[in-house]
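Student: generate coordinates for the sequence data below:
(one chain, ligands or ions: 1)
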Amino acid sequence: MTAQRTKAMAQYDYDLFTIGAGSGGVRASRYAAGLGARVAVAEERYLGGTCVNAGCIPKKLFSYAAHYGEDIGHAAGYGWRVAAPAFDWRTLVANKDREIERLNTVYANLLSGAGVALLRGHATLADAHTVVVDGRRISARYILVATGGWPVVPPIPGAERAISSNEAFHLSELPRRVLVVGGGYIAVEFASIFNGLGTDTTLVYRGERLLKGFDAELGGFLAGEMGNKGVRIRFHCNIEGIARAAHDNALRATLADGSALEADCVMYATGRAPNTRGLGLERAGVTLAANGAVVVDAMYQSSVSSIYAVGDVIDRVLLTPVALAEGMFVAENLFGSGGPSLDYEGIPTTIFSNPNVGSVGLSEAMARARAGDIDVYRTSFGPLRHQLTGSGEKVLMKLVVDRKTERVLGVHMVGPDAGEIIQGFAVALKCGATKRQFDATIGIHPTIAEELVTLREAAA
Ligand SMILES: Cc1cc2nc3c(=O)[nH]c(=O)nc-3n(C[C@H](O)[C@H](O)[C@H](O)COP(=O)(O)OP(=O)(O)OC[C@H]3O[C@@H](n4cnc5c(N)ncnc54)[C@H](O)[C@@H]3O)c2cc1C
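Tutor: Next up is the predicted model:
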């Protein structure tokens, strides 16, 4: 750090003040402190943010729980005789809470170990260099807004009777019947979780295909597989109101066509909004998009030069590893020697539905629009594992290839361990791998993943 910069920073209580100790905020704060900056972070709810407390981690633990039920059934084909399994929801919730508490402590230790001051409380902005945390004014040369997002339930009559993913993690009982509303990744993940745990599950979606934004085949294939596992999926279906049913504490959701569905729980997963309301950003002069997202440039700098923002609050790519990378980029550029800007192309992602969905690169439609001439390689098959289980579960694998350059533009799949498989292929795509190089790679036998390097016939 130059002497001039050090002097400028000394005018303020901190060099960096981060609002929100979630994925992006913690990473930026720790990294900046490691580069010699004096850093404080404010957190009003939980250390580790959405991912640790109400997102990735508890969701994946629930997803494991749901898979065990199915695995126990499948084990019979391998000779295991197991007494009828019984599932205890409260044990799952208690064990999940214990793990999250452990992670909260890990995060607290990471911050204190890095020398970051943690202020517990609600932070607002007073001006371009001042944050107020529960009445205490703190100045900083730079302020980083990393406040994440919050689920949105549409304002239909009876909306207050519905829950979001936030509450789903803390239900006192596992519902007997659930309606999950939405067609995105959180909706299909929770529908799979409830279904796997034994809840009678209906997925209600106003669109005609799950997983908008992904390769079109993935949503269609997933809907078929989820249906085979017992999830009822109702497309073109809109809930207009939620009332109490006449019996059993149940809810009655009225649909646009006048019919009704009954359930013990209605969970909305129809979107999330950036967490900027009441933060004082407009007062400080920060430009917000129509949906409340902080508008930032390529350096994550807002319209006010001392205020930066990363993660879900900028509404770019709502994933933990992206928030982490953005946070690190900001810290490195403010206090280090600067780093290359983030490449938002080819971000791999997995949906932990049952079965999993994994995807990296361009969908078939996007590739066609960008590259023109493409080849599509596709296979669908029953995996070896299920030859003895009697499950009719199928896997879908698909490569999208630029015909001219032979570069593989997209790798997509529906099937077990999609995340573990796609992560490795994401590296190949980053390196610009061609179909010829995929073909020259020896497969690992017998695996599902080997199919991605043995696809020879392009689809007609
Ligand atoms: C159900 C669900 C499942 C998900 N699953 C995955 C997954 O499998 N993989 C994946 O990559 N991503 C997943 N995500 C997305 C991931 O959780 C987010 O992208 C990530 O947490 C964003 O990090 P962030 O730092 O932007 O915000 P957050 O992690 O949300 O952190 C923001 C923090 O700011 C705090 N805060 C807000 N306002 C204030 C204030 N005024 N003062 C003080 N503190 C404040 C909040 O309490 C919170 O702790 C999931 C999300 C959900 C909801």
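
Student: close to the ligand: what parts of this structure are there?
Tutor: 19-25, 42-46, 49-51, 54-56, 59, 122-123, 146-148, 165, 186, 275, 279, 311-313, 318-321, 323 (Cβ under 6 Å from any ligand atom). Glycine gets a C-beta too; all of them are placed from N, C-alpha and C.

Student: only whichever of those residues are buried, select them in PyMOL.
Tutor: For anyone working in PyMOL, the buried entries among the residues of the chain next to the ligand, judged by 16 or more other Cβ atoms under 10 Å, can be selected with:
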select buried, resi 19+20+21+22+23+24+25+42+43+46+49+50+51+54+55+56+59+122+123+146+147+148+165+186+275+279+311+312+313+318+319+320+323
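
Student: out of the residues of the chain next to the ligand, which are inside strands?
Tutor: Secondary structure defined by DSSP state E assigns 19, 42, 43, 123 of the residues of the chain next to the ligand to strands.

Student: make JSON lines out of these and add pLDDT.
Tutor: Formatted as JSON lines, these follow (pLDDT from 0 to 100):
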{"residue": "19", "pLDDT": "98"}
{"residue": "42", "pLDDT": "98"}
{"residue": "43", "pLDDT": "98"}
{"residue": "123", "pLDDT": "98"}
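
Student: between these, which is closest to residue 107?
Tutor: The closest of those to residue 107 turns out to be residue 43 (Cβ to Cβ; 9.1 Å).

Student: under the pLDDT cut-off, which ranges of the chain? List them.
Tutor: Scanning the chain with the threshold set as pLDDT under 70 gives 1-9.

Student: spatially central residue for it, please.
Tutor: What sits nearest the mean C-alpha location of the chain, by Cα atoms, centre = their mean, is residue 319, with 4.8 Å.

Student: confirm for me that it is in contact with residue 350.
Tutor: No: using Cβ atoms under 8 Å, residue 319 is not in contact with residue 350, being 10.0 Å away.

Student: in the stretch 51-200 of the chain, what residue lies closest to the ligand?
Tutor: residue 148 (2.2 Å; Cβ to the nearest ligand atom).

Student: can you map out the strands along the stretch 201-350 of the chain?
Tutor: Secondary structure of the stretch 201-350 of the chain (DSSP state E, counting those that start in this stretch): strands located at 232-234, 239-244, 251-255, 260-263, 265-268, 272-274, 307-309, 349-351.

Student: show me what the last one pairs with in its sheet, parallel or antiparallel.
Tutor: For strand 349-351, the paired strands and their directions (DSSP bridges) read strand 357-361 (antiparallel).

Student: repeat for the first one
Tutor: When sheet partners are counted by DSSP bridges, strand 232-234 sits next to strand 200-204 (parallel).

Student: residues touching residue 148, list them.
Tutor: By Cβ atoms under 8 Å, 6 or more residues apart in numbering, the contact list for residue 148 reads 20, 22, 24, 49, 50, 274, 275, 311, 312, 313.

Student: where's it relative to residue 190, distance?
Tutor: Plainly put, residue 148 is 19 Å away from residue 190 if you go by Cβ to Cβ, to the nearest Å.

Student: ok, residue 451 next?
Tutor: 29 Å.

Student: flag every buried residue along stretch 204-218.
Tutor: For stretch 204-218, burial by neighbour count (16+ other Cβ under 10 Å) applies to 204, 205, 209, 210, 211, 214, 215, 217, 218.
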